[in-house]
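Peer 1: Pasting the sequence and the predicted coordinates here, then a few questions.
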Amino acid sequence: MKRQLILEDGTVFIGEGFGSDIETVGEVVFNTGMTGYQEILSDPSYCGQMVTLTYPLIGNYGINRDDFESIQPSIKALIVREASDMPSNFRSELTIDELLKEKNIPGLSGIDTRKLTRMIRQHGTLKGRLTSMDAEVNEVVESLQHVVLSTDQVQQVSTPTPYPSPGRGKRVVLVDFGMKHGILRELNQRDCDVVVVPYNTTVSSILALHPDGVMLSNGPGDPKDVSEAIDMVRELLGKVPVFGICLGHQLFALACGADTFKLKFGHRGSNHPVKEITTGKVAITAQNHGYTVDPASLENTPLHITHVALNDGTVEGLRHDKVPAFTVQYHPEASPGPEDANDLFDQFITMMEQFLKEEVAHA
Ligand SMILES: NC(=O)CC[C@H](N)C(=O)O
């Protein structure tokens, strides 16, 4: 059935509906990955966003059991050029239409996603409503101009209670701001004894778990909306090694006195080159973020930049000068995307080992 995407600037895209037929409002963003739609649509960092994919054919290898990045996808809508209803892959169990119906997520296909992406690149991300053909465009545009998008996405996707993911190696408390499964997978692969905790866990509750290190996960929304986590990170620094990814990186920067701001249209894709400053080494990375750390705000902080984005020069990695803590804006857990930066998890293990040795030496 026909369905329309109405943007806050009055642009209307008419296409074919698939998935659920509910109406929805959200921030429209684009992702440039050529594959990885299953991981993208289940990445909790997209909570509250309608995602358009620039690659034209989506769903052609189906949906499988293994590639989800969360149990309950939280994207508002999926917007594609063509949704395949004839997937071909030995792992495929569902079509993309079947998955979106099951998860109550609406989809729109058959629109010019290149045009939509160019508009977002020109104007910045836009609010939009995906609705039936009955909706009156002027009324929707008027209402979109007043819509305030939610600011509690982390609360919506974080685990409500702690849970273990046992191992025999280093004890890592993983603070879940909307964690992708990939982060847990990387820690488990290194035999870490992981305890996943809610976003608003206090430092004393974290330390009561006797962690060797703390991981700050990725997550949706503006990092400034999670002020309790900023205070928590500040208090944690120096007591235990810290590694942060994406939202975790932004919270670390804010906790150390730096600032963040919203990019015009963000970085979302699987092929973003990032340079490590000390070695000059370039990694092709998976990214999904709308906010970034302001480099000018780092001046009077104990932080230095370790990585930069080669596309636009924005900050991609930070390290604390005095205590064991480092973070990256990109996704070393990949899923989807290249695994070039995977060794950051090994660096975290080394940092925890080093910290333990120093503690023993000082005891
Ligand atoms: N993937 C993430 O953790 C994203 C962080 C933050 N929500 C942003 O958009 O910048």
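Peer 2: Right, received. Where do you want to start? What you are looking at is a predicted structure, and each value in this text was computed from that prediction instead of being measured.

Peer 1: Give me the phi and psi for residue 3.
Peer 2: Note on residue 3: backbone dihedrals following degrees, to the nearest 10 are phi -150, psi 150.

Peer 1: thinking it is in contact with residue 16, fair?
Peer 2: Yes. Here residue 3 reaches residue 16: they are 7.1 Å apart, a contact under CB atoms under 8 Å. No exception for glycine: its C-beta is placed from N, CA and C like everyone else's.

Peer 1: what about these two, which has more around it?
Peer 2: When neighbours are counted by other CB atoms under 10 Å, residue 3 comes out ahead of the other of residue 3 and residue 16, with 24 against 14.

Peer 1: wait, what's in contact with that one?
Peer 2: 14-17, 21, 106, 108, 130-133 (CB atoms under 8 Å, 6 or more residues apart in numbering).

Peer 1: how does it look with 7 Å?
Peer 2: 15, 17, 108, 130-133 (CB atoms under 7 Å, 6 or more residues apart in numbering).

Peer 1: Looking at those, spot the one nearest the ligand.
Peer 2: residue 130 (20.7 Å; CB to the nearest ligand atom).

Peer 1: Secondary structure class of that closest one, three-state.
Peer 2: strand (DSSP: H, G, I helix; E, B strand; the rest coil).

Peer 1: domains of the chain?
Peer 2: 2-144, 153-362 (automatic domain parsing).

Peer 1: Turn these into a markdown table, columns for mean pLDDT.
Peer 2: Shown next, in a markdown table, are the domains of the chain (pLDDT from 0 to 100):
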| stretch | mean pLDDT |
| --- | --- |
| domain 2-144 | 98 |
| domain 153-362 | 97 |
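
Peer 1: want to try JSON lines for those domains, with distance to the ligand as columns?
Peer 2: Formatted as JSON lines, these follow (distance: least, CB to the nearest ligand atom, whole Å):
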{"stretch": "domain 2-144", "distance to the ligand": "3"}
{"stretch": "domain 153-362", "distance to the ligand": "3"}
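
Peer 1: Let me see the ranges of the strands in the stretch 201-350 of the chain.
Peer 2: 213-216, 242-245, 260-276, 282-293, 303-309, 315-320, 325-328 (DSSP state E, counting those that start in this stretch).

Peer 1: Ramachandran angles for residue 209?
Peer 2: phi -90, psi 0.

Peer 1: can you check residue 188 too?
Peer 2: phi -60, psi -40.

Peer 1: is it true that it touches residue 168?
Peer 2: No. Proximity of residue 188 to residue 168 does not meet the contact threshold set by CB atoms under 7 Å, at 11.2 Å.
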